[in-house]
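A.B. asks: the following block contains a protein sequence and its predicted model.
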Amino acid sequence: MNKYLLALLCTVMVSGCAKTVVLHEEPYSDKVKFSEYKIGNNDQLLISVWKNQDLSVTVPVRPDGKISMPLVGDAQAQGLTPEVLATELADKLSKFIRAPNVTVIVLGANSASYSSRVRITGAVNGPLSIPYYTDLNVLDLVLEAGGLTEFANADEAILYRNTPDGIKPYHVNVDDILNRGILDTNYLLRPSDILIIPESVF
């Protein structure tokens, strides 16, 4: 069994009810694969190129349905899933860097159905999107995703939240939550929250 998932299950059994932390913004059950959403105009995208921080950008989808990023220039985004767009960007970047590993995350979307869900992606066993429900926290979401992979950089997770002042990132130490019972970053989630677990860089 994945060591992080085992530790997570042990935490649940020992603690009985996990402490949760409320961030200072006020806050059904079918799972959906994270990549099923189709990108639309005015969506805000986080494009990450592993080991190439200079190429990793947050960009809006323009009214013409395109985005712009370093080396690639303009690329069609509207109507594509994040997974398909990531593949197309990787293909374009392969002309400049070797075997690029590209991830596309939708940070902000206009769709009501999109904004009523929470998402987890990155170094987890099952990246997914689920409907928001009351008292859902970081620990719950990691469990829903089947735990972390062996490559997870669990102490450097980021929770992205849409606020009136724009999208804000919050540091989450999933390693503390799972392995040390330190629950200071076991935040209560809100609709449209996105939790990203990065991979370790070797």
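C.D. replies: That came in fine, so what should we check first?
A.B. asks: in the chain, which helix or strand is least confident?
C.D. replies: Using mean pLDDT, DSSP states H and E, helix 3-15 stands out as the lowest-scoring helix or strand of the chain, at a mean of 40.
A.B. asks: show residues contacting the helix or strand hosting residue 119.
C.D. replies: Secondary structure assignment for residue 119, by DSSP states H and E: strand 117-122. Applying Cβ atoms under 8 Å, 6 or more residues apart in numbering, the contact partners of strand 117-122 are 32, 34, 103, 105, 127-132, 136, 141-142, 144-145, 152, 157, 189-199. For every residue, glycine as well, the C-beta is placed using N, CA and C.
A.B. asks: repeat for stretch 81-89
C.D. replies: Residues outside stretch 81-89 that contact it (Cβ under 8 Å, 6+ apart) are 34-39, 45, 47, 69, 72, 75-77, 80, 100, 102-106.
A.B. asks: give me the buried subset of those.
C.D. replies: Buried residues within the contacts of stretch 81-89, counting neighbours by 16 or more other Cβ atoms under 10 Å: 34-35, 37-39, 45, 47, 69, 72, 75, 77, 80, 100, 102-106.
A.B. asks: hmm, back to that, gap between the strand holding residue 119 and the chain center?
C.D. replies: Computed by Cα atoms, centre = their mean, to the nearest Å, the separation of strand 117-122 from the middle of its chain amounts to 5 Å.
A.B. asks: name every strand pairing with it and say which way it goes.
C.D. replies: In the sheet, strand 117-122 lines up against strand 128-131 (antiparallel), strand 194-197 (parallel) (DSSP bridges).
A.B. asks: okay, these, which one's buried deepest?
C.D. replies: strand 194-197 (a mean of 24; mean count of other Cβ atoms under 10 Å).
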